[in-house]
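*Asks:* Sequence first, predicted coordinates after that:
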Amino acid sequence: MAADPTHQFLIHKLVPVELAGYDISVTNQSAWMLGIIALMMVFFAVSVRKRAMVPGRLQAFAEITYEFIENLMKDTTGRDGLKYLPFIFTLFIFIAALNVSGMLPGSFTSTSQIVITSFMAFTIFAGVILIGLFKHGIKFLGMFLPAGTPIVMAPLMIVLEIISFFARPFTLALRLGANMMAGHIVIKLFASFIIMMLGAGAVVGTMFVLPLAGLFALTALELFVAFLQAYIFTLLACVYLNDALHLH
């Protein structure tokens, strides 16, 4: 019988801690996230330490990644949004690192947890609202009524725009979490089936190559999806930021 593919998403306490009646225990999820944050901080500190005119591999990777996100922001928010580049860059690196590292054996995919993706999505959503209100004041509410809308259609358009606007954090969170969970489940199931067939003697000799190639292809696809979902999450964050800055 194949192992439960959802077992990899269970949260376990590693170090039980209770403070003032609150459970703040260190779990496999929190430990993995803190480890990834520390690793990324060390990686970028080391990669840009020398600041060489002719960059090495690590510095070149860091600079290319930074320029990629910078260009993404210029294309979506214009230069007005570049003041938020450190946050957007950190967001992309954090999500991409969690997505990719979650594919390692024995790891934990934090971005498969809706509570994590929801926290990130609602943080961005709240930030967008605050930026819009501080920059435009009451005029920020004008984005709920597109310019040129006939008066007779105004009530309906306002309702639709409000629903669409407040659905953003939910779709942002569900898209990332669902994609990470579904991809990992498929890989786990496929790998379990191969092991079962080997144990039953159904796959022998060169016949083993085909299912192994299929598993490799699925893993490569999931790796691509890991980066793609980090990009999509970051892109949509930039789009929402652009709405707050320019009321589009």
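*Replies:* Yep, that arrived. Numbers count the residues shown, from 1 in each chain.
*Asks:* Would you map the helices across this protein?
*Replies:* All helices of the chain, identified by DSSP state H, fall at 28-47, 57-77, 85-101, 114-136, 154-166, 168-200, 209-246.
*Asks:* In the fourth one, which residues are buried?
*Replies:* Of the residues in helix 114-136, those scored as buried under the neighbour-count criterion (16 or more other Cβ atoms under 10 Å) are 114, 116-118, 120-121, 124-125, 127-128, 131-132, 136. To be clear about C-beta, it is placed using only N, CA and C from the backbone, and glycine gets the same treatment.
*Asks:* Please apply the same query to the last one.
*Replies:* Burial within helix 209-246, assessed by neighbour count using 16+ other Cβ under 10 Å, is assigned to 211, 218, 222, 225-226, 229-238, 240-245.
*Asks:* re earlier: closest one to residue 19 out of the buried residues of helix 114-136, please.
*Replies:* Minimum distance to residue 19 across the buried residues of helix 114-136 is 21.4 Å, recorded for residue 116 (Cβ to Cβ).
*Asks:* quick one: the closest residue to that closest one other than its chain neighbours from residue 11, how far?
*Replies:* Of all residues not flanking residue 116 in the chain, residue 110 sits nearest, at 5.1 Å (Cβ to Cβ, 6 or more residues apart in numbering). Residue 110 sits 10 Å away from residue 11, taking Cβ to Cβ, to the nearest Å as the criterion.
*Asks:* can you check residue 176 too?
*Replies:* Note on residue 176: its distance to residue 11, by Cβ to Cβ, is 18 Å.
*Asks:* cool, residue 102 as well?
*Replies:* Applying Cβ to Cβ, the value for residue 102 to residue 11 is 14 Å.
*Asks:* Who has more neighbours out of those two?
*Replies:* Shown here are residue 102 and residue 11; by other Cβ atoms under 10 Å, residue 102 has more neighbours (22 against 14).
*Asks:* tell me the phi and psi of the more buried one?
*Replies:* Dihedral angles of residue 102 (phi, psi; degrees, to the nearest 10) stand at phi -70, psi -10.
*Asks:* Look up the closest residue to it, ignoring the ones flanking it.
*Replies:* Of all residues not flanking residue 102 in the chain, residue 109 sits nearest, at 2.9 Å (Cβ to Cβ, 6+ apart).
*Asks:* I'd like to know which of the buried residues of helix 114-136 is nearest to residue 62.
*Replies:* Distance to residue 62 across the buried residues of helix 114-136 (Cβ to Cβ) is lowest for residue 120, with 22.5 Å.
*Asks:* hang on, the earlier thing: residues shared between the contacts of residue 110 and residue 11?
*Replies:* Counting by Cβ atoms under 8 Å, 6 or more residues apart in numbering, the residues touching both residue 110 and residue 11 are residue 29.
*Asks:* isn't residue 218 right next to residue 186, touching?
*Replies:* Yes: under the criterion of Cβ atoms under 8 Å, residue 218 makes contact with residue 186 at 6.4 Å.
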